[in-house]
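> Sequence first, predicted coordinates after that:
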Amino acid sequence: MAGANNWKLVPDAELTDAMARQYDLMLVGAPEANSVSKKLKDKGFTTLSFAYPGKDYGLLELSKDVFAPGKDVLLAAGSNSAGSMRAVKQLLAVHASK
């Protein structure tokens, strides 16, 4: 993802459609907790739910061309808040190992 060292933190409620089309995104939180993650789910890019991947489990998903061609979305989320935290910790571990 381009500009990996130049992040801007934006709450989901403040992310505009124009911003989603202009930038690669990293989302934290399940569709029930993050409105942009919900849009991702509504578009069929994730099957994340309270049931999958399971209680206290998280996942990292990379989806291509979600809101615009060439713009990708990395989702770090879980079936509950503990699972989302595990997904974020895994993402940080992967980043630290590079």
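The structure has been received and is ready for your questions.
> what bits of this protein have low per-residue confidence?
Filtered on pLDDT under 70, the chain yields the residue ranges 1-6.
> now the helices: where do they sit in it?
Counting by DSSP state H, the chain has helices at residues 17-22, 35-42, 81-96.
> TSV please, covering those helices and showing distance to Ala68 and mean neighbour count.
Yep, even glycine has a C-beta here, placed from its N, CA and C like the rest. TSV is the format used below for the helices of the chain (distance: least, CB to CB, whole Å; neighbours: other CB atoms under 10 Å):
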stretch	distance to Ala68	mean neighbour count
helix 17-22	4	13
helix 35-42	13	19
helix 81-96	23	15
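> want to throw the ones you listed into TSV with distance to Leu75?
As requested, the helices of the chain are exported to TSV (distance: least, CB to CB, whole Å):
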stretch	distance to Leu75
helix 17-22	13
helix 35-42	6
helix 81-96	8
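> Among those, which comes closest to Leu59?
Nearest to Leu59 among the helices of the chain is helix 81-96 (5.8 Å), distances taken as CB to CB.
> Nearest the geometric middle of this structure, what residue?
Nearest to the centroid of the C-alpha atoms of the chain, with distances taken as CA atoms, centre = their mean, sits Leu75, at 2.1 Å.
> which ones are touching it?
Met26, Leu27, Ser37, Leu40, Thr46, Leu48, Leu59, Leu60, Glu61, Leu62, Ser63 (CB atoms under 8 Å, 6 or more residues apart in numbering).
> for the helices of the chain, which one sits closest to Gly54?
Within these, the stretch nearest Gly54 is helix 81-96; the backing value is 7.7 Å (CB to CB).
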